[in-house]
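[1] structure of the sequence below:
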Amino acid sequence: MTRIVMLNLNRDFRTLYHRGKSQVGSGLVSYVRKNRLGYCRAGITTGKKVGGAVRRNRCRRIIREAYRQLLPRIEGGWDIVFVARQRTGDMKTPQIMRGMEAQLKKLGVLKP
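    Okay, here's the model as predicted:
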């Protein structure tokens, strides 16, 4: 099983929001930026608009699982932040994964 390295510093999130490229979908918003580390780091944000704590945690689990399945296809050296939207809680993992895959392709993160 591939270990997921998570972003957890506020400055990393802010840097991605301001200097990264973004792609918006119905289920989530993706921000990406190249890093110099040689491996990918990911962060997940769920705001209070998404719902209560149980719903926000479910959204994070769904996004984390979709990212875990796509991780072998992602080139090394990217910082990625996924922002959950209100519809994320109503979606299943395969739906989120399809949207995430399309967004990451458009942003040039997935291997050909």
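[2] show the backbone phi and psi for residue 60.
    Torsion angles at residue 60 (phi, psi; degrees, to the nearest 10) stand at phi -60, psi -40.
[3] the most centrally placed residue in the chain: helix or strand, and which one exactly?
    For the chain, residue 82 is the residue whose C-alpha lies nearest the centre (CA atoms, centre = their mean; 3.0 Å). Following DSSP states H and E, the helix or strand that holds residue 82 is strand 78-84.
[4] give the rounded mean pLDDT of the very next helix or strand once past that strand.
    Counting by DSSP H and E, the element after strand 78-84 in chain order, helix or strand, is helix 93-106. Helix 93-106 carries an average pLDDT of 94.
[5] who does helix 93-106 touch, helix- and strand-wise?
    strand 21-24, strand 28-34, helix 53-70 (3 or more CB pairs under 8 Å, 6 or more residues apart in numbering; DSSP states H and E). All C-beta atoms are positioned from the backbone trio N, CA, C, and that covers glycine.
[6] could I get those in CSV, plus columns for distance to residue 100?
    Shown next, in CSV, are those (distance: least, CB to CB, whole Å):
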stretch, distance to residue 100
strand 21-24, 10
strand 28-34, 7
helix 53-70, 5
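[7] comparing these, which comes out most buried?
    strand 28-34 (a mean of 21; mean count of other CB atoms under 10 Å).
[8] strands paired with it, and their directions?
    In the sheet, strand 28-34 lines up against strand 21-24 (antiparallel), strand 78-84 (antiparallel) (DSSP bridges).
[9] shaky segments in this protein?
    1-2 (pLDDT under 70).
[10] just to revisit the earlier point, can you add distance to residue 96 and give the strands paired with strand 28-34 back as a markdown table?
    Below are the strands paired with strand 28-34 laid out as a markdown table (distance: least, CB to CB, whole Å):
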| stretch | distance to residue 96 |
| --- | --- |
| strand 21-24 | 14 |
| strand 78-84 | 9 |
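[11] and residue 38, which of the ones you listed is closest to it?
    Judged by CB to CB, the one of those that comes nearest to residue 38 is strand 78-84, at 10.2 Å.
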